[in-house]
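what shape does this take:
(one chain, ligands or ions: 1)
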Amino acid sequence: MNNKTNCLAAIPLAIFTLTANAEKIALVNGTLINPGTSQIVRDATIVINGDRIAAAGDAKTISPAAAGKDAKVIDCRGKFILPGYIDTHVHFFQSGDLYTRPDAVDLTKVRPYADEVAWIKKNLPDTFARYLRSGITSVVDVGGPFWNFEVRNSSNSTAKAPRIAVAGPLISSVSRPQLDLGDPPIVKIDNPEQAREFVRKLAAQNPDLVKIWYIVDKDHPVDSFRPIVRATVEESHARKLRVAVHATELETARAAVEEGADVLVHSVTDKPVDDAFVKLLKDRHTILCPTLVVFERYGRTFANKLNLTPEEKAWGNPEVIASLDVTKLPQNQLPGRIKTALADPNAALERIKKVYDVALKNLKTLEDAGVTIAAGTDAGNIGTIHGPALFREFQLMKEAGLTPMQILQCATANAAKLFGGETGAHIGKIDNGNFADLVILRSNPLDDISRASEIDTVIKNGAVYSADSILR
Ligand SMILES: [Zn+2]
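As a prediction, this is how the structure comes out:
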């Protein structure tokens, strides 16, 4: 009759072709939790066909037989099935070790930065696997060199890897020459025209986000960089690209959102958020990622007061963790920042407490007001461990006063919104047609969020991994 009818007729055939040889799995007898809608289904059946969820719901309405006779049946009695977790703030160009930010502490005489970056690239498959071990099936890389786009490609072709959304190099108010090996992660932009030109260069790589590093100090006031933020947002939005902004002071964050930022990648840490700011975020549907864990980890590492969780010690990269012991550094190579922290560790801890006094309270205010909060860690920064750092983030979100269901919502459905695009629309929720990315827990995370790390099985793209087997 018309094109529309022809199109519809073609769909079933296309689905058949894609899934004809795909493995079918039925998860039975478990408790399904969809944090995005607070849905809890006991005695649930989830049918997986290839890389997608084909059906999910009550066993009374969905029979395991729906998966077909040849389906593999997995008994999940006593277990809890959630959408795979999503960490919406990581950096693959950073390892989390002590040498990964020579602009923060210069230890290049102990380990040249080029060696550090070579190690990072070589170990990417290991880093990917550590995310999967932690139940994290998708991550957002919020800024790095242009080779980040290759990281996205390689995760797409690696089974034991999370899905990755990436921003390219950061459009920055300040320069970081220590990180420039020819493909710098942070690019200082001096005027709006340069910003537009850089967005056009980024657009050629199909970034999932454009990132602005809105660093403010006495030499770089909020207003001086604001026209560059405006131009970046305009040029990005004209290309249907979303803009994520690092802005940790209230007035910087306000300026960023007023200029059209879609995502704030950190908490506001300098003062309590006010009603006008909360309303602004709600009106603009801005997503905020708190990254609480990263605020303690530089300071604690340098002061030799690192508080890695059991999950981080077990599932973090051992070489990265070993490097974080600052007492092992040659004494004559200690950077000033580490010397100062070691001389007065309590001062370092006091500074962290001050940040948390503000940031945790702000998180609770924004959550209560209904602002979309997406969980994220800033993993890759010194002391923030790729993969399991998310469980320290959960602890801190709990300290802020969020319920387990709210925390899990931040790490699934809300995080999927930050991830964005076609993929973002098909993750973060156990639903027909979504990707079969799941985490199966041994106990109920709604009783205590600490149980979110009691991981039995991880399913990514329909492939089932016993959690204990992933890092072997
Ligand atoms: Zn970051």
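
for the stretch 51-200 of the chain, just list every one of the strands.
52-58, 72-75, 80-83, 85-90, 136-141, 163-166, 170-172, 186-188 (DSSP state E, counting those that start in this stretch).

the first one - contacts with which helices or strands?
So the one you mean is strand 52-58. strand 24-34, strand 39-49 (3 or more C-beta pairs under 8 Å, 6 or more residues apart in numbering; DSSP states H and E). Bear in mind the C-beta positions are built from the backbone N, C-alpha and C, glycine included.

wait, which of these is closest to Ile427?
strand 24-34 (12.3 Å; C-beta to C-beta).

what sits closest to Ala127 if chain neighbours are left out?
Check again: residue 127 is Thr, not Ala. His386 (5.0 Å; C-beta to C-beta, 6 or more residues apart in numbering).

in contact with that neighbour, which residues?
Val90, Ser95, Gly96, Thr127, Arg130, Tyr131, Gly316, Asn317, Val320, Ala379, Gly380 (C-beta atoms under 8 Å, 6 or more residues apart in numbering).

quick one: contacts for Lys197?
I think there's a mix-up here, since residue 197 is Glu and not Lys. No residues are in contact with Glu197 under the rule C-beta under 8 Å, 6+ apart.

what's in contact with the helix ranked longest in the chain?
Identified as the longest helix of the chain according to DSSP state H is helix 345-369. Residues outside helix 345-369 that contact it (C-beta under 8 Å, 6+ apart): 267-273, 278, 281-282, 288, 290, 292, 295-296, 299-300, 302-305, 341, 373, 396-397, 399-402, 406.

among these, which are in strands?
Within the contacts of helix 345-369, residues falling in strands by DSSP state E are Leu288, Ile373.

buried subset of the contacts of helix 345-369 as a PyMOL selection?
Selection of buried members from the contacts of helix 345-369 for PyMOL, criterion 16 or more other C-beta atoms under 10 Å:
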select buried, resi 267+268+269+270+273+278+281+288+290+292+295+296+299+300+302+303+305+341+373+396+397+400+402+406
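
restricted to helices, list the contacts of helix 345-369.
The helices, defined by DSSP H, take in 278, 281-282, 295-296, 299-300, 302, 341, 396-397, 399, 406 from the contacts of helix 345-369.

tell me the one of those residues nearest Arg77?
For the ones in helices among the contacts of helix 345-369, the nearest to Arg77 is Gln406 (27.3 Å; C-beta to C-beta).

OK, contacts around the closest one?
By C-beta under 8 Å, 6+ apart, the neighbours of Gln406 are Glu367, Met397.

again, but for Ala129
Taking C-beta under 8 Å, 6+ apart, one finds Lys160, Ala161, Ile470, Leu471 in contact with Ala129.

how close does the closest residue to the last one other than its chain neighbours get to His386?
Setting aside the residues directly before and after it, Leu471 is nearest to Arg133 in space (C-beta to C-beta, 6+ apart), at 5.2 Å. Using C-beta to C-beta, to the nearest Å, one gets 10 Å for the distance from Arg133 to His386.

check Ala66 too.
On the measure of C-beta to C-beta, Ala66 and His386 end up 38 Å apart.

before we move on, back to that, and the two most separated of the ones in helices among the contacts of helix 345-369?
So, the ones in helices among the contacts of helix 345-369 by C-beta to C-beta: farthest apart are Lys282 and Ala341, at 38.7 Å.

rewinding a little: what about the residue nearest to Leu471, neighbour count?
Look at Arg133: counted by other C-beta atoms under 10 Å, it has 24 neighbours.

which residue sits closest to Gly380 in space, ignoring its chain neighbours?
Closest to Gly380 by C-beta to C-beta, 6+ apart is Gln94, at 3.3 Å.

correct me, but the one you found touches Arg101?
Yes: between Gln94 and Arg101 there is a contact at 6.6 Å, judged by C-beta atoms under 8 Å.

what touches both of these two?
Asn381.

top of the contacts of Ala129 by neighbour count?
Neighbour max across the contacts of Ala129 (other C-beta under 10 Å) = Ala161, 22 neighbours.

that one and Val151 touch, don't they?
No: using C-beta under 8 Å as the test, Ala161 is too far from Val151 to be in contact (9.6 Å).

which strands or helices does the helix or strand where Ala244 lies pack on?
Using DSSP states H and E, Ala244 maps to strand 243-246. The contact analysis (3+ C-beta pairs under 8 Å, 6+ apart) places strand 243-246 against strand 210-213, helix 222-238, strand 263-264.

quick one: name whatever helix or strand follows it.
helix 250-258.

same for that next one, what does it pack against?
Going by 3+ C-beta pairs under 8 Å, 6+ apart, helix 250-258 lies up against helix 222-238, strand 263-264, helix 275-284.

export the first one to PDB, keeping only CA atoms.
Listed in PDB are the C-alpha atoms of helix 222-238, where the atom choice follows Å, rounded to 0.1, in the frame of the first residue of the first chain:
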ATOM      1  CA  VAL A 222      34.100  32.800  36.000                       C
ATOM      2  CA  ASP A 223      33.300  35.500  33.600                       C
ATOM      3  CA  SER A 224      36.500  35.500  31.500                       C
ATOM      4  CA  PHE A 225      35.900  31.900  30.200                       C
ATOM      5  CA  ARG A 226      32.100  32.200  30.000                       C
ATOM      6  CA  PRO A 227      32.000  33.300  26.300                       C
ATOM      7  CA  ILE A 228      34.000  30.200  25.400                       C
ATOM      8  CA  VAL A 229      31.500  28.000  27.300                       C
ATOM      9  CA  ARG A 230      28.700  29.700  25.400                       C
ATOM     10  CA  ALA A 231      30.400  29.200  22.000                       C
ATOM     11  CA  THR A 232      31.200  25.600  22.800                       C
ATOM     12  CA  VAL A 233      27.600  24.800  23.800                       C
ATOM     13  CA  GLU A 234      26.200  26.600  20.700                       C
ATOM     14  CA  GLU A 235      28.500  24.800  18.300                       C
ATOM     15  CA  SER A 236      27.900  21.400  20.000                       C
ATOM     16  CA  HIS A 237      24.200  21.700  20.200                       C
ATOM     17  CA  ALA A 238      24.000  22.700  16.600                       C
END
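
I'd say Arg284 and Arg254 touch.
No: using C-beta under 8 Å, Arg284 is not in contact with Arg254; the gap is 11.1 Å.

in terms of neighbours, single out the busier of the two.
Using other C-beta under 10 Å, the more surrounded residue of Arg284 and Arg254 is Arg254, with 19 against 13.

so what pLDDT did the nearest residue to that one once chain neighbours are set aside get?
Closest residue to Arg254 in three dimensions, ignoring its sequence neighbours and counting by C-beta to C-beta, 6+ apart: Phe277, at 5.6 Å. pLDDT for Phe277: 98.

cool, and Phe16?
40.

just the one 4 residues further on next, same as before
As predicted, Ala20 sits at a pLDDT of 44.

swap in Thr5?
pLDDT at Thr5 comes out at 39.

got it, and Pro64?
74.

hmm, it is touching Gly30, no?
No: the pair Pro64 / Gly30 is not scored as a contact, 11.8 Å apart, by C-beta under 8 Å.

just the ones in helices from the contacts of His386, please.
Going by DSSP H, the helices hold Thr127, Arg130, Tyr131, Val320 from those.
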